[in-house]
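**Q** Just to be clear, the model below is a prediction. Sequence and coordinates:
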Amino acid sequence: MTAVAMFRLKVLGGAMLGLLVAITILTLLPGRREPSAPVVESRPAEAPMAAPAPSGPESATPAPVVSRSRGQSEWAFFFRPGDTLTRMADGSALGVVVRLERRHTFPDGSTGPAYVIRSADQSESAFDADELERRARIESIRDIRIPPARPADAPTTTR
């Protein structure tokens, strides 16, 4: 065996040995362990009392999501005027962003930033900025022109 081959073999062996030591240390060190459950004395099983099921319409409707944008004076808008938006849930068209309003008064009396969206039937609706940004996506973006790296008539260089 040549000296170079012997050196490579030693380096490979050292790397393998180091990897084995690292794996061993990581498996033996106490990691995040779940605390063991306390020992429960064996007693006759008791039937747990069932909580009364809520009745009425409040059980069917989920709790409303609190908007992070309501009451904010500074809000970084994600969408821009001219963006075509669709719903993320089903892909249906929402419309085109017409303008951004920093302070819009909503029907419930609260104020906050809003997007004004024009739908396909040309009606305009204001949407809470946070709620719309969480539930909509941009369908099409306006043309963005990127200049070429070099002019088309520039000579090519060869080496």
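**A** Nice, I can see it. Numbering: from 1, shown residues only.
**Q** What's the first helix or strand after whatever helix or strand Val4 lives in?
**A** Secondary-structure element containing Val4, defined by DSSP states H and E: helix 3-28. Remark: after helix 3-28, the chain's next helix or strand is strand 84-87, criterion DSSP H and E.
**Q** Counting by contacts, list what whichever helix or strand comes after that next one packs against.
**A** Following the chain from strand 84-87 toward its C-terminal end, the next helix or strand by DSSP H and E is strand 93-105. Helices and strands touching strand 93-105, by 3 or more C-beta pairs under 8 Å, 6 or more residues apart in numbering; DSSP states H and E, are strand 84-87, strand 111-118, strand 124-128. Heads up, the C-betas are built off the backbone N, CA and C, glycines and all.
**Q** residues making contact with strand 93-105?
**A** By C-beta atoms under 8 Å, 6 or more residues apart in numbering, the list of residues contacting strand 93-105 from outside reads 73, 75, 77, 79-87, 111-120, 124-126, 136, 139.
**Q** switch to 6 Å and redo it
**A** 77, 79, 81, 83-86, 111, 113-119, 126, 136 (C-beta atoms under 6 Å, 6 or more residues apart in numbering).
**Q** Any chance of a PyMOL selection covering the buried ones in these?
**A** With 16 or more other C-beta atoms under 10 Å as the burial test, the buried ones among those are selected in PyMOL as follows:
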select buried, resi 77+79+83+84+85+86+113+114+115+116+117+126+136
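**Q** Low-confidence stretches in this protein?
**A** 30-73, 140-150, 152, 157-159 (pLDDT under 70).
**Q** Could you rerun that using 80?
**A** Within the chain, the ranges that satisfy pLDDT under 80 run 1, 26, 29-76, 140-159.
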